[in-house]
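J.: Curious how this folds, go ahead:
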Amino acid sequence: MKIAINTGGGDAPGLNAVIRSATKAALRRGWEVVGLRNGYASLYTDNPGEPLTHEAVKGITMQGGTILGAANRGNPFEIPVLQPDGSYIYVDKSDQVVSKLAEMGVDAVVAIGGDGSMHLAHRLSEKGLKIVGVPKTIDNDLVGCDTTLGFDTACSIATEAIDRISTTAESHQRAMIVEVMGRYAGWIALHSGLASSADVILIPEIPFTLDSVIKKLDDLKKHGKEHALIVVAEGAKLKDGAHFVKGKQVGQAELLGGAAAWLEKEIMARTGQETRSVILGHQQRGGRPSIYDRLISLRFGAEAIRAIEEGDFNKLVVMKENELRRIPIADVAGKFKTVPLDSDTIMTARDIGICLGD
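T.: The predicted structure follows:
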């Protein structure tokens, strides 16, 4: 058996742990393992992959990022090609991916990624590629699983940063706004905001009004609290409004962000209170994975190899109630897991007086 390992989409803490676990589990079975460089992009080059050996994955469990590289605009079904007039056309090279892997003698692929990667995995499986998926995204927005690798670390990093920002907010009697990642799901904002005792948490699932935020700030002052801490997801949006978008690059989805800067300006104008905004950005992706992310990543990698060994292809390894299970990738492709508005986490935030913007 020869397998390939692919890390698609953005990087996340825990990716290297999956690579190490899957590689070692496969090598113990006498299989051959190859790592695809920078997603599927390497399959269009003369150097499509590199052998993964015991030595190659030695000591990488605790390392952030991915030793294979990542690419979040390498959709083989829509490769952007620049035209002489400056425009782009999109070319389908998916057949080339499948044929190249066959030429390399690859029997199955361990595809580690988020919703976009799983959508690609499903479409490639329809072309005959044998795939087992591993859920990776700091956004935690993959349906069918309780948590994805990278989410716990991202929340820990965000919470620590917010804790630090809260002390300077209190010292200067400021309203501090912290923008965190998460795209169209508010998991990071909700969990880190709740854990750091934020006064306001704004998530995409609950469109907000500026009046609601201002009212909360006024209430805090009435109760003697001169500072405020606001956590906002990059995908937050106003009621009857669109998402805040910074722009869009060729071959990528729209770049969300800007809510914190908008709030800073509006709060200053409405209240006169000194207000500052901070964008945590890619800090949430970097650095060493948490203990929890290391453990689930190692478990995911080994389970992916067991699935291949059993011939249980086109499945996604997921964590449900702290147990590993496998679900069809087709059930995940093209879907998002958002924060349930009736969840006990949302109810907890409301019960302790956190403003959610509605």
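
J.: hey, where'd the helices end up in the stretch 151-300 of the chain?
T.: Counting by DSSP state H, counting those that start in this stretch, the segments of the stretch 151-300 of the chain that form helices are 151-172, 187-195, 210-222, 259-271, 291-309.

J.: domains in this protein, as residue ranges please.
T.: Here the domain assignment for the chain is 2-149+289-331, 153-286, based on automatic domain parsing.

J.: Generate a markdown table for these, with mean pLDDT and distance to residue 342 as supplementary columns.
T.: For every residue, glycine as well, the C-beta is placed using N, CA and C. Output for the domains of the chain, formatted as a markdown table (pLDDT from 0 to 100; distance: least, Cβ to Cβ, whole Å):
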| stretch | mean pLDDT | distance to residue 342 |
| --- | --- | --- |
| domain 2-149+289-331 | 93 | 17 |
| domain 153-286 | 91 | 11 |
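
J.: Now mean neighbour count and distance to residue 341 too, for these, in TSV please.
T.: Conversion of the domains of the chain to TSV gives the following (neighbours: other Cβ atoms under 10 Å; distance: least, Cβ to Cβ, whole Å):
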stretch	mean neighbour count	distance to residue 341
domain 2-149+289-331	20	15
domain 153-286	19	6
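
J.: rewinding a little: export the helices of the stretch 151-300 of the chain as CSV, with columns for distance to residue 79.
T.: Listed next are the helices of the stretch 151-300 of the chain as CSV, based on distance: least, Cβ to Cβ, whole Å:
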stretch, distance to residue 79
helix 151-172, 29
helix 187-195, 31
helix 210-222, 42
helix 259-271, 32
helix 291-309, 27
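
J.: Which residue is most remote from the mean position of this structure?
T.: residue 222 (38.6 Å; Cα atoms, centre = their mean).

J.: In space, what's closest to residue 12 - neighbours in sequence excluded?
T.: residue 150 (2.9 Å; Cβ to Cβ, 6 or more residues apart in numbering).

J.: Residue 289 is in contact with the one you found, correct?
T.: Yes. Contact criterion Cβ atoms under 8 Å: residue 150 and residue 289 qualify, at 7.4 Å.

J.: Residues that sit against both of these two, list them.
T.: Counting by Cβ atoms under 8 Å, 6 or more residues apart in numbering, the contacts common to residue 150 and residue 289 are 13-14.

J.: quick one: the residue nearest to residue 12 and residue 323, what's the gap?
T.: 20 Å (Cβ to Cβ, to the nearest Å).

J.: One more: residue 190?
T.: The separation that residue 190 has from residue 323, given Cβ to Cβ, amounts to 24 Å.

J.: Tell me who's in contact with residue 122.
T.: Per Cβ under 8 Å, 6+ apart, neighbours of residue 122: 314, 329-330, 332-334.

J.: of the residues you listed, closest to residue 198?
T.: residue 332 (30.7 Å; Cβ to Cβ).

J.: Give the closest residue to the closest one in space, chain neighbours not counted.
T.: Going by Cβ to Cβ, 6+ apart, residue 332 has residue 118 as its nearest residue, at 4.9 Å.

J.: next structured bit after the host helix or strand of that neighbour?
T.: Following DSSP states H and E, one finds residue 118 within helix 115-125. Moving toward the C-terminus from helix 115-125, the next helix or strand (DSSP H and E) is strand 131-135.

J.: Now do that following strand: distance to the chain's middle.
T.: 15 Å (Cα atoms, centre = their mean, to the nearest Å).

J.: Would you mind measuring from residue 348 to residue 60?
T.: 37 Å.

J.: and of the domains of the chain, who's closest to residue 352?
T.: The nearest among the domains of the chain, by Cβ to Cβ, is domain 153-286 at 8.4 Å.

J.: dump the residue contacts of residue 200.
T.: Per Cβ under 8 Å, 6+ apart, neighbours of residue 200: 213, 216, 228-232, 354-357.

J.: can you pull up the bridge partners for it?
T.: Beta-bridge pairing of residue 200 under DSSP bridges involves residue 230, residue 355.

J.: and the gap between it and residue 291?
T.: Distance from residue 200 to residue 291, by Cβ to Cβ: 30 Å.

J.: For burial, what's the neighbour tally of the closest residue to residue 208 other than its chain neighbours?
T.: Leaving aside its sequence neighbours, residue 208 sits nearest to residue 357 (Cβ to Cβ, 6+ apart; 2.6 Å). Using other Cβ atoms under 10 Å, the number of residues around residue 357 comes to 23.
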